[in-house]
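Student: sequence unknown, structure follows:
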Ligand SMILES: Cc1cc2nc3c(=O)[nH]c(=O)nc-3n(C[C@H](O)[C@H](O)[C@H](O)COP(=O)(O)OP(=O)(O)OC[C@H]3O[C@@H](n4cnc5c(N)ncnc54)[C@H](O)[C@@H]3O)c2cc1C
């Protein structure tokens with residue numbers, strides 16, 4: 001049941017979105033133009049900030065609105081329903097680096113970085129993964145050697161989303177090579193204009209270079225940029241993951257609900273039967289007339305609804321100071337599986353029109369081929385499906401720990 005405050009916030013935001021969205025510039029035409037994407041995404045973030053809607057649940061002293069996490073969900077629901085821009089390049093800053101600094105940073109770090117993230121002035125990236133350290137992240141080898149009031153960092157990171165347009169990087173480095181692997185890691189803030197950083201974009205199967213390899217050659221990072229204690233970075237990283245796996249995918253889930261509604265519309269447009277075919281007129285029935293297709297869509301929609309209920313449960317527990325447990329892992333695993341199921345159904349519906357990107361069948365709406373390919377990455381990003389299963393097995397089901 002919505003409180004009066006939540007309903008008031010929803011109504012006010014809805015009005016603002018109705019007024020503001022028609023005044024936005026068009027999104028960049030080129031999928032791979034990251035400079036234009038950055039300008040578009042940070043421009044939207046700035047508008048949110050100026051109107052008092054950036055960081056709905058962040059403290060007021062850092063430019064947030066100081067509302068509850070439930071009101072943050074209202075914000076996400078309304079922005080998605082209105083078709084507002086996605087968080088885009090602001091993903092790391094607003095959804096996990098910023099919240100980690102809010103929880104673990106000192107007063108200077110909060111004052112220096114949080115307003116810049118909320119105003120869309122600074123884009124962040126995440127330098128955690130390395131070529132030999134993904135799932136086993138604690139084995140990372142990028143080393144940081146203390147030299148006076150700096151750490152000198154050398155090594156290689158990979159899959160660094162938005163690195164080519166980022167101002168700062170939340171980076172994990174090894175500060176004590178002798179300590180057990182989880183105990184010799186430190187969480188640092190790396191300015192991306194530091195000398196010694198080389199970025200090499202990686203092209204993905206959807207044709208865009210969202211992430212990069214990042215080579216670090218004696219990059220000097222001030223000690224004051226350390227979040228938490230030296231060698232306590234693994235604990236700080238777990239705080240980052242609690243945000244990244246917990247709430248960072250919420251707006252994605254809402255976007256998926258829109259995709260599933262679009263699929264229902266597409267099913268009604270696809271002619272089947274004699275003289276029919278994908279996108280062709282003359283068929284005697286549509287895909288929607290097939291009860292099994294309607295069943296599949298209903299199951300997908302029900303699963304998405306259940307995931308939304310899970311998000312609300314996790315957020316409401318967090319609001320009452322209760323640990324959500326492995327709720328983030330349960331969410332991420334189930335979300336990925338539903339997205340794959342939805343993508344497979346889209347491909348069957350589109351049939352030959354699914355052989356190309358774009359919208360060759362003229363059905364309108366999102367690019368469901370690209371979305372199907374993108375769904376593959378959901379089993380890997382922010383911890384693979386197998387790793388989420390390990391966490392659920394150990395922490396929820398009480399199975400023996402992995403060695
Ligand atoms: C779209 C996308 C964006 C990303 N963005 C970033 C980013 O911005 N910054 C960043 O640092 N990283 C990023 N990553 C990297 C991501 O975090 C890693 O790819 C992920 O942690 C897996 O690591 P890996 O690729 O090295 O695979 P590996 O760890 O080598 O895993 C290979 C396979 O072995 C399985 N496996 C490994 N260990 C176990 C185990 N103990 N039990 C069972 N199975 C196991 C895995 O599940 C997987 O199937 C991104 C990845 C994607 C796909």
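Tutor: Okay, I see it. From a predicted model like this one, the values you see are computed outputs, not experimental measurements. Numbering: from 1, shown residues only.
Student: Using the three-state scheme, assign residue 158.
Tutor: Put simply, residue 158 is strand when judged by DSSP: H, G, I helix; E, B strand; the rest coil.
Student: got a list of what it touches?
Tutor: Contacts for residue 158 (Cβ atoms under 8 Å, 6 or more residues apart in numbering) come out as 129-131, 202, 211, 213-214. In short, each C-beta sits where N, CA and C put it, glycine included.
Student: 10 Å - rerun?
Tutor: By Cβ atoms under 10 Å, 6 or more residues apart in numbering, the residues touching residue 158 are 127-134, 200, 202, 211-215.
Student: measure it to the ligand for me?
Tutor: The gap separating residue 158 from the ligand is 7 Å, by Cβ to the nearest ligand atom, to the nearest Å.
Student: One more: residue 189?
Tutor: Counting by Cβ to the nearest ligand atom, the gap from residue 189 to the ligand is 15 Å.
Student: Can you verify that residue is assigned to a strand?
Tutor: Yes. Residue 189 forms part of a strand when assessed by three-state DSSP.
Student: isn't it right up against residue 97?
Tutor: Yes. Counting by Cβ atoms under 10 Å, residue 189 touches residue 97, with 8.2 Å between them.
Student: List the residues that contact the closest residue to the ligand within the chain.
Tutor: In the chain, no residue comes nearer to the ligand than residue 134, which is 1.9 Å away by Cβ to the nearest ligand atom. Neighbouring residues of residue 134 by Cβ under 10 Å, 6+ apart: 128, 140, 158-159, 380, 383-384, 387.
Student: Looking only at neighbour counts, state which of residue 189 and residue 97 leads.
Tutor: residue 97 (29 against 21; other Cβ atoms under 10 Å).
Student: For the more buried one, which three-state class applies?
Tutor: Three-state call for residue 97 (three-state DSSP): helix.
Student: That one contacts residue 125, correct?
Tutor: Yes. In this structure, residue 97 is within contact of residue 125 by Cβ under 10 Å, at 8.5 Å.
Student: Overlap in contacts, these two.
Tutor: With Cβ under 10 Å, 6+ apart as the test, residue 97 and residue 125 both reach 91, 166, 168-170.
Student: Could you identify the least confident member of those residues?
Tutor: Minimum pLDDT for these is recorded at residue 91 (94).
Student: And the contacts of the strand or helix carrying that one?
Tutor: In this assignment (DSSP states H and E), residue 91 forms part of helix 91-92. Contact with helix 91-92 is made by 41, 97-98, 100, 117, 123-126, 160-162, 166, 168-170, 240, 244, 248, 251, as judged by Cβ under 10 Å, 6+ apart.
Student: residue contacts, residue 300?
Tutor: Taking Cβ under 10 Å, 6+ apart, we find residue 300 in contact with 256-257, 259-260, 263-264, 338-339, 341-342, 345.
Student: Now list the buried members of those.
Tutor: Neighbour counting over those (16 or more other Cβ atoms under 10 Å) leaves 256-257, 259-260, 263-264, 338-339, 342, 345 as the buried ones.
Student: Among those, name the ones in helices.
Tutor: 256-257, 259-260, 263-264, 338-339, 342, 345 (DSSP state H).
Student: which pair in these spans the largest distance?
Tutor: 264 and 339 (16.3 Å; Cβ to Cβ).
Student: before we move on, the earlier item: so of the contacts of residue 300, which two are at opposite extremes in space?
Tutor: Spatially, the most separated pair among the contacts of residue 300 is 264 and 339, at 16.3 Å (Cβ to Cβ).
Student: Quick check: mean pLDDT of the helix or strand hosting residue 295?
Tutor: Secondary structure assignment for residue 295, by DSSP H and E: helix 291-319. The pLDDT scores in helix 291-319 average 91.
Student: Which elements pack onto the helix-or-strand element of the chain with minimal mean pLDDT?
Tutor: Sorting the helices and strands of the chain by mean pLDDT, DSSP states H and E puts strand 271-272 at the bottom, at a mean of 79. Taking 3 or more Cβ pairs under 10 Å, 6 or more residues apart in numbering; DSSP states H and E as contact, the helices and strands that strand 271-272 lies on are strand 285-286.
Student: Doesn't residue 151 lie inside a helix?
Tutor: No. Applying three-state DSSP, one finds residue 151 to be strand, outside a helix.
Student: Report pLDDT for it.
Tutor: 98.
Student: can you pull the contacts of it?
Tutor: Residues near residue 151 by Cβ under 10 Å, 6+ apart: 143-145, 171, 173, 175, 186, 188, 190, 219-223, 225-226, 230.
Student: Next one: residue 239 from residue 23, what distance?
Tutor: Using Cβ to Cβ, to the nearest Å, residue 239 is found at 37 Å from residue 23.
Student: Among those two, which residue is more densely surrounded?
Tutor: Ranked by neighbour count (other Cβ under 10 Å), residue 239 and residue 23 place residue 239 first, with 19 against 7.
Student: Just the element for that one, please.
Tutor: If you go by DSSP H and E, residue 239 is part of helix 233-246.
Student: quick revisit: check the contact lists of residue 189 and residue 97 and give me the overlap.
Tutor: With Cβ under 10 Å, 6+ apart, residue 189 and residue 97 have common neighbours 105, 113, 124, 168-170, 227.
Student: from those, which two are the most distant?
Tutor: Across the shared contacts of residue 189 and residue 97, the longest distance by Cβ to Cβ is 15.0 Å; it joins 105 and 169.
Student: Who has more neighbours out of the two?
Tutor: When residue 105 and residue 169 are compared for neighbours, residue 169 comes out ahead with 27 against 23, by other Cβ under 10 Å.
Student: Could you list everything that one pairs with in the sheet?
Tutor: residue 125, residue 190 (DSSP bridges).
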